[in-house]
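Asker: Everything below, folded, please.
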Amino acid sequence: MSASAIPNVLTIAGTDPSGGAGVLADLKAFSALGAFGCAVIAALTAQNTRAVTGVHTPPVEFLKLQIDTLFEDVRIDAVKLGMLGTADIVRTVADRLAHFKPAHVVLDPVMVAKSGDHLLAKSAVAMLKEALMPQAGMITPNLPEAGVLLEQRPPESVKEMYRAAERLREMLPISSERWVLLKGGHLPGNELVDLLFDGDRMIEMRAMRIDTPNTHGTGCTLSSAIAALLPQRTREFQPVAAAVRDAQNYLQGAIAAAGALKVGEGHGPVHHFYRLWRG
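Answerer: Model (predicted):
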């Protein structure tokens, strides 16, 4: 892709009918950050800002058909992976990515919704680690997800986050550039600390916590923003770190502006278009 081209970025994830998370949030983040969004539906949820009341997954044959049909026609510059739900879906997505080999793959290991509802079957975790993580250029777990992936309790301090990030990086291929973005939002305190680690460089990324209940879809939005920006930051010094910093700045603004929206009575969504909408 030339530096001036608008990137085509694909999300493979589940839907959230309330629009704050999943595929709909991904497409909003892509659009807000100058990428053309494509989507493959890996799961349908019955969901609002308070709860997930049902999950339906498509037959894996149709999931494969969605992916193959898209890639056979559209240049895909980056892929964001979100809610995949079952081991069969994880296996199918891993197989098709291995076939098409997109340049950038950002894996957000979605396991539990903001409401506490589980979105990834326990039987799928091993398949995620075995088949999908080795293909990801970046994984973006939060602390509970890191605990599941590492089969230990979640980190409870920044010091423990350092060791967790190191262990997560050990689960990725050593022979190529791969990154872990370990998100520290579950730690207490007014300052948020995320760690970006490639096996050599450990970069602390700090931000102030914003006091708001409107945080539905923050993980989806951040990973989508990174996927949208990676193809656009290739000529910058430390392009991955630049994409992550820009994505985090975008998300901070979206959280801060979330009060302008009135969507549901639970954890409301962030404001993906705060830079573009006026009012």
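
Asker: use CA for all of it now, contacts and neighbours both
Answerer: OK.

Asker: So which elements touch the longest helix along the chain?
Answerer: Longest helix in the chain by number of residues, with DSSP state H as the criterion: helix 239-256. With contacts defined as 3 or more CA pairs under 8 Å, 6 or more residues apart in numbering; DSSP states H and E, the packing partners of helix 239-256 are helix 218-229.

Asker: re the thing from before, now the longest helix of the chain: buried residues?
Answerer: 239-248, 250-256 (16 or more other CA atoms under 10 Å).

Asker: Now do the same for residue 193: helix, strand or coil?
Answerer: strand (DSSP: H, G, I helix; E, B strand; the rest coil).

Asker: Dump the longest helix of the chain to PDB, restricted to CA.
Answerer: Extracted in PDB, the C-alpha atoms of helix 239-256 (Å, rounded to 0.1, in the frame of the first residue of the first chain):
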ATOM      1  CA  PRO A 239       5.800   3.100  13.700                       C
ATOM      2  CA  VAL A 240       4.100   0.600  16.100                       C
ATOM      3  CA  ALA A 241       4.600   2.800  19.100                       C
ATOM      4  CA  ALA A 242       3.400   5.800  17.100                       C
ATOM      5  CA  ALA A 243       0.200   4.000  16.100                       C
ATOM      6  CA  VAL A 244      -0.500   2.800  19.700                       C
ATOM      7  CA  ARG A 245       0.100   6.300  21.100                       C
ATOM      8  CA  ASP A 246      -2.200   7.900  18.500                       C
ATOM      9  CA  ALA A 247      -4.800   5.200  19.100                       C
ATOM     10  CA  GLN A 248      -4.700   5.800  22.900                       C
ATOM     11  CA  ASN A 249      -5.000   9.600  22.500                       C
ATOM     12  CA  TYR A 250      -8.000   9.000  20.300                       C
ATOM     13  CA  LEU A 251      -9.600   6.700  22.800                       C
ATOM     14  CA  GLN A 252      -9.000   9.100  25.700                       C
ATOM     15  CA  GLY A 253     -10.800  11.800  23.700                       C
ATOM     16  CA  ALA A 254     -13.700   9.400  22.900                       C
ATOM     17  CA  ILE A 255     -14.100   8.500  26.600                       C
ATOM     18  CA  ALA A 256     -13.900  12.200  27.700                       C
END
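
Asker: How far off centre is that helix?
Answerer: What separates the centre of helix 239-256 from the centre of its chain is 13 Å, taken as CA atoms, centre = their mean, to the nearest Å.
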